[in-house]
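Colleague: here is a sequence together with a model predicted from it:
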Amino acid sequence: MNSKKRMLLLISFILTLLMAQHYFRSGQERELQLSEWFKPRRRPDILTVTSWLAPVLWEGTFSRQALQRHYRGRNLTVGLVVFAPTRSADGHLERFLRSAITHFMPGQRVVFYLILDSFVDPPDMQPSPLQSFQILMVGERWWWPDLDLMGLQVLREHLLGHITDEVDFLFSTASNLVFQGDFGLETLGTSVAQLHAWWYFQNNQSFPYERRPSSAAYIPFGQGDFYYGSAIVGGLPRQVLALVQECLQGMRQDLESRLNSTYEKHLNKYFFLHRPSKLLSPEYGWDAKFNLPPQVLYVKVAQDPRVV
């Protein structure tokens, strides 16, 4: 009798294990293969894949339909953080938000996080039912004379406090941008970097990396893949947090050493050490001061030409 009970218990355990394996396997989301949505051969005139096999997004290289099919029903929430100090908020924050409401992740649930250093009401506009605003105030304990350092510190605190639990993907942008075309599902990735609109077309020997060995942002001559812009960074929230924390640490170290090194240079050092999984071409941050080269077919995001 005891042996029969043991046998029944063993069979029951095996059946339970098999059912659990089937449940968890069927519950897992199928990973989208790069070949299903990314078509680099459609643009033979430009670099579409890096040496470490990360896609470089240009118009014509991706299938919006394949991406929409994959993400349909996933109930994604994407965050967009913008740091707008008071002295610049009145100048272009409204234009930024109006363009983002229309073009940033259309059809997806979006949370706009506005980091302000004094209370500024969001412009009078009507977001869609899928969109919401959160105002993140800069308190006195966060005040730094360097605005980039202050913005990063505030972002770090809110990432640790709540943002990582509220969104599936997160982008941090400058407020002097204007979305002119859809910034959509093709941009989602683990770690997303933006190719600098000007330096992408220059010789890599002339990249303005930090060249002082005493700086935490130091990159030796002859090394480095691209020069990345600081206007847009993104990825999984934990990856954005890692980037923010490493840049903060480096910027503080340089301040203590009385070195004046910019956030953008520390950002480039971060991506030098931790290569991004997806790159946004200059179409996602074109500087209106420059004439369009033939490689740029469609400007999706532009720097506001009225901002000096």
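Modeller: Structure received.

Colleague: list the contacts of the residue positioned nearest the centre of the chain.
Modeller: By C-alpha atoms, centre = their mean, the chain has its centre lying nearest to Gly234, at 1.0 Å. By C-beta atoms under 8 Å, 6 or more residues apart in numbering, the contact list for Gly234 reads 169-172, 187, 189, 192, 240. Using the backbone N, CA and C atoms, a C-beta is placed for each residue, glycine as well.

Colleague: ditto for Pro237
Modeller: Pro237 neighbours (C-beta under 8 Å, 6+ apart): 79, 159, 163-164, 167-170.

Colleague: Lys300 too?
Modeller: 59, 103, 179-183, 283-284.

Colleague: got it, and Val240?
Modeller: Val240 neighbours (C-beta under 8 Å, 6+ apart): 159, 170, 172, 233-234.

Colleague: helix, strand, or coil at His92?
Modeller: Following DSSP: H, G, I helix; E, B strand; the rest coil, His92 is assigned to helix.

Colleague: not counting its neighbours along the chain, what's nearest it?
Modeller: Nearest non-adjacent residue to His92, counting by C-beta to C-beta, 6 or more residues apart in numbering: Asp304, 5.0 Å away.

Colleague: what's the spacing between Gly60 and His274?
Modeller: Going from Gly60 to His274 by C-beta to C-beta, to the nearest Å gives 28 Å.

Colleague: then Ile232?
Modeller: Taking C-beta to C-beta, one finds Ile232 at 17 Å from His274.

Colleague: burial count for Leu160?
Modeller: 12 (other C-beta atoms under 10 Å).

Colleague: mind checking which helix or strand the residue nearest to it when sequence neighbours are not counted is in?
Modeller: Among residues not flanking Leu160 along the chain, Leu241 sits closest, at 7.2 Å (C-beta to C-beta, 6+ apart). Per DSSP states H and E, Leu241 falls inside helix 237-256.

Colleague: distance from the chain centre to that helix, please.
Modeller: 15 Å (C-alpha atoms, centre = their mean, to the nearest Å).

Colleague: and that helix, what's buried?
Modeller: By 16 or more other C-beta atoms under 10 Å, the buried positions in helix 237-256 come out as 237, 239-244, 246-248, 250-251, 253-254.

Colleague: and of the residues you listed, the nearest to Gln126?
Modeller: Nearest to Gln126 among the buried residues of helix 237-256 is Pro237, at 27.3 Å by C-beta to C-beta.

Colleague: could you report the pLDDT at the closest one?
Modeller: pLDDT recorded at Pro237 is 97.

Colleague: again, but for Leu297
Modeller: 89.

Colleague: so what's the residue nearest to His92 up against?
Modeller: 92, 95-96, 176-178, 288.

Colleague: farthest-apart pair in the residues you listed, please.
Modeller: For those, and using C-beta to C-beta, no pair is farther apart than Phe96 and Ala288, which are 14.3 Å apart.

Colleague: those two: which has the busier surroundings?
Modeller: Phe96 (26 against 15).

Colleague: now do the contacts for that one.
Modeller: Here Phe96 is in contact with 82, 84, 175-179, 304 (C-beta under 8 Å, 6+ apart).

Colleague: ok, back up a step: nearest to Ile219, of the contacts of Gly234?
Modeller: Of the contacts of Gly234, the one sitting nearest to Ile219 (C-beta to C-beta) turns out to be Val192, at 20.4 Å.

Colleague: out of Ile232 and His274, which sits in the busier spot?
Modeller: In this view Ile232 and His274 are compared by other C-beta under 10 Å, and Ile232 has more residues nearby, 21 against 14.

Colleague: pretty sure Thr102 is in a helix, no?
Modeller: Yes: using three-state DSSP, the assignment for Thr102 is a helix.

Colleague: tell me which helix or strand of this structure sits lowest on mean pLDDT?
Modeller: Ranked by mean pLDDT, DSSP states H and E, the weakest helix or strand in the chain is helix 2-27, scoring a mean of 47.

Colleague: circling back: return the distance of the following helix or strand past the helix holding Leu241 from the chain's centre.
Modeller: Sequence order places helix 263-273 as the next helix or strand after helix 237-256, per DSSP H and E. Computed by C-alpha atoms, centre = their mean, the chain-centroid distance of helix 263-273 equals 14 Å.
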